[in-house]
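Trainee: need a 3D model of the sequence below.
(2 chains)
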Amino acid sequence: MSDKMIEVQDFQKVYGDFVAVDGISFDVKRGEIFGLLGPNGAGKTSTLESLEGLRAPDGGTLRVAGLDPHSETRKLRNVIGVQLQSAGMPESITPDEAMRFFCAYHAVEPRYDLLERLGLNQKRKTQFYELSAGQQRRLALALAVAHNPQVLFLDEPTAGLDVASRVELHDMMRELQTQATTIMLATHDMAEAEEMSDRVGILLNGQLVTTGTPMEITATGAEFTKVSVCTSNNTLIDSTNQIPAVSQQTIKENYAIYFSSDIGPTVSAIIARIEAENDTLIDLRVERPSLEDRFLEITTNGVNS
Amino acid sequence: MNAFSHHFSFEFRTGIRNKNFLMLFYLFPLGFYLMMAVIMVGINPPFLEVLIPAMVLFAVLAATMLGMPDPLVNARENGIFRSYKINGVPTTSILAIPALTITLHLTIVAAIITISAPLLFDAPAPENWLNYVLVFLVTVVACSGIGVLIGVISANTRAAILWSQLMFIPSVLLGGMMIPYSLLPAAAQKVSQIMPTTHAMNAFNSLAFGRTADFNPWASLVILLTSGIIAFALAIYLFSWDSKNTARRAHPALAALVLLPYILGILFL
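Mentor: Sure thing, here's the model as predicted:
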């Protein structure tokens, strides 16, 4: 089998006159976590649902673990796991019953350990409609991974989760990754995408405007890196002209804050100046532009163009 | 236990947990049965003769026409079928299992009516028990087929209720349960032959209770069974996993084909 677990080539999805996805192409390798980002209506759901076999593509080719999701749906079911945005369970089903029910259709033993791990042990006999939104999402996740899928699709997996559940989910994602599970993560949470994804793709108006590692994507932006410095004698105040590549300087709570377009020379110059002034460095923080900054830059420009 | 039996077991248990289901499957038909046995038989004593088949048919109608379509529409609209599709639950299971669980619920209700009516109200019991069970099962197939088909073709809950009532009310009024077929005007008799209950009452009366048939009771059974099979086949063919996916195989109007056996019955019986 190819190392590419998800292959998307010139994929197009059209609803009437509306082109939801306009000829996008990307690959996801085995064991990779790929973050699919984009504002509402960008084409994320159409892409995900077509890869999951829920919709037929209108153009291009899709492959998931070497299978055509539209024509080989039966084989696909045991290869993929899907956590849908809305859990979609009968209201009176209990987590125990749901686990037995779905595992039976995947011909695997029920994984009650997952319910325990995801904090649902006390709720195993509780009907679905009585679970909180977070518990419903955790159940959906447990069901999605219970049959050890090769490819896992997570649609807004941490929406409505508390901090502990979110950490548990991220741990589980990393563990699955070590077992070579490929994960496609669709999320609006940029911090999560940046932390968890090996690569991300940003969709805008049905087109894939950029793909790469979070580092690569943030590095290509026009945003400046923020450097905050605190010294014992405050000698850096009013030193804008002597620090290279700095476009703006502000002062906040004894910190000199620089916005640099080239971080190397800027930091070197700051250190040199502190030494030259016989001052003492107390704190230095470098904050590169986040994925969220870059996402906003891309989507704002895209929407405005 | 395989996937199908897990699915059946879960569907049956969740049906018992659901208050609306309990109301439609048990309380409503059994309450109506008690009311009819006391009031209707008091007003119209000959009704006692058909109390058992009429009330069993009422239970079948309530469960299948009123109880089946709405959960199917809701499951589709709430994304439950999408979850099922992703996890490999086949269309046939999605449609057949509610019909099978309803058959089990209805068997319990029918047993309560059939056993209690002779004891409590001195209603005549079936003479031919084998035929009684046969007619009951064939009627459940026919009516649950229509119930499933309504659930599949209805775009929303309101449409499902409309179609359900359109089948339920005329069936109760003209389907031989309240007014015997033989007492209906000729034109109304033709209309009533398009309803499953007319054929079910004809078959019950003749094959199970040893009374004179209005028309060939075996033909009635064939019509019921054929329409049930057509209904399930059409439901599978027209089934859609979610309302957002508009790619249906054919127009829902194709569902009208379920009436074909009844129309042929009007022409040839």
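
Trainee: and stretch A:191-209, how far apart are its ends?
Mentor: In stretch A:191-209, first residue to last residue: 19 Å (CA to CA, to the nearest Å).

Trainee: how far does it sit from its chain's centre?
Mentor: 6 Å (CA atoms, centre = their mean, to the nearest Å).

Trainee: same check, this time on stretch B:232-242
Mentor: 18 Å.

Trainee: does chain A sit close to that stretch?
Mentor: Yes. Judged by CB under 8 Å from any CB of the partner chain, stretch B:232-242 and chain A are in contact via B:241, B:242. C-betas here are computed from N, CA, C, even on glycine.

Trainee: how about residues contacting that stretch?
Mentor: Contact partners of stretch B:232-242, identified using CB atoms under 8 Å, 6 or more residues apart in numbering or on different chains, comprise A:54, B:76, B:79, B:81-82, B:84-85, B:91-92, B:94-96, B:99, B:145, B:148-149, B:151-153, B:246-250, B:252, B:254-255, B:257-258.

Trainee: for chain A, what lies in contact range of chain B?
Mentor: A:52-56, A:73-74, A:77-78, A:80, A:82, A:84, A:86-90, A:92-93, A:97, A:100-102, A:104-107, A:127, A:143.

Trainee: can you flag the buried ones in those?
Mentor: Among those, those buried by neighbour count (16 or more other CB atoms under 10 Å in any protein chain shown) are A:52-55, A:73, A:77-78, A:80, A:82, A:84, A:87-90, A:92-93, A:97, A:100-102, A:104-106, A:127, A:143.

Trainee: mind checking which of those residues land in strands?
Mentor: In this view, those that belong to strands under DSSP state E are A:80, A:82.

Trainee: the buried ones among the residues of chain A next to chain B in helices, which ones?
Mentor: Cross-referencing these against helices under DSSP state H gives A:73, A:77, A:97, A:100, A:101, A:102, A:104, A:105, A:143.

Trainee: so the fifth one sits against residue B:9, correct?
Mentor: I take that to be residue A:101. No. The criterion here is CB atoms under 8 Å, and residue A:101 misses it with residue B:9 at 9.0 Å.

Trainee: hang on, the earlier thing: now for the ones in helices among the buried ones among the residues of chain A next to chain B: which two are most distant?
Mentor: Among those, the pair separated by the greatest distance (CB to CB) is A:73 and A:97, at 24.5 Å.

Trainee: who in the stretch 1-150 of chain B is up against chain A?
Mentor: B:1-3, B:6-7, B:10, B:13-14, B:17-18, B:75, B:78-83, B:85-89.

Trainee: indicate the residue of the stretch 151-300 of chain A located nearest to chain B.
Mentor: Across the stretch 151-300 of chain A, the shortest distance to chain B (CB to the nearest CB) belongs to residue A:153, at 8.9 Å.

Trainee: give me every residue that touches that residue.
Mentor: A:48, A:51, A:52, A:80, A:81, A:82, A:83, A:144, A:183, A:184, A:186.

Trainee: residues in contact with residue B:174?
Mentor: B:184, B:188, B:191, B:192, B:195, B:198.

Trainee: buried ones among the residues you listed?
Mentor: By 16+ other CB under 10 Å, the contacts of residue B:174 give B:184, B:192, B:195, B:198 as buried.

Trainee: isn't the second one right up against residue B:184?
Mentor: Yes. The pair residue B:192 / residue B:184 is scored as a contact, 6.0 Å apart, by CB under 8 Å.

Trainee: how about the nearest residue to residue A:23, chain neighbours excluded?
Mentor: Nearest non-adjacent residue to residue A:23, counting by CB to CB, 6 or more residues apart in numbering or on different chains: residue A:10, 4.8 Å away.

Trainee: picking that back up, going through the residues of the stretch 1-150 of chain B next to chain A, which ones are buried?
Mentor: Listed as buried from the residues of the stretch 1-150 of chain B next to chain A are B:3, B:6-7, B:10, B:14, B:18, B:75, B:78-83, B:85-89; burial here means 16+ other CB under 10 Å.

Trainee: in helices, which of the residues of the stretch 1-150 of chain B next to chain A appear?
Mentor: B:3, B:6-7, B:10, B:13-14, B:17, B:75, B:80-83, B:85-86.
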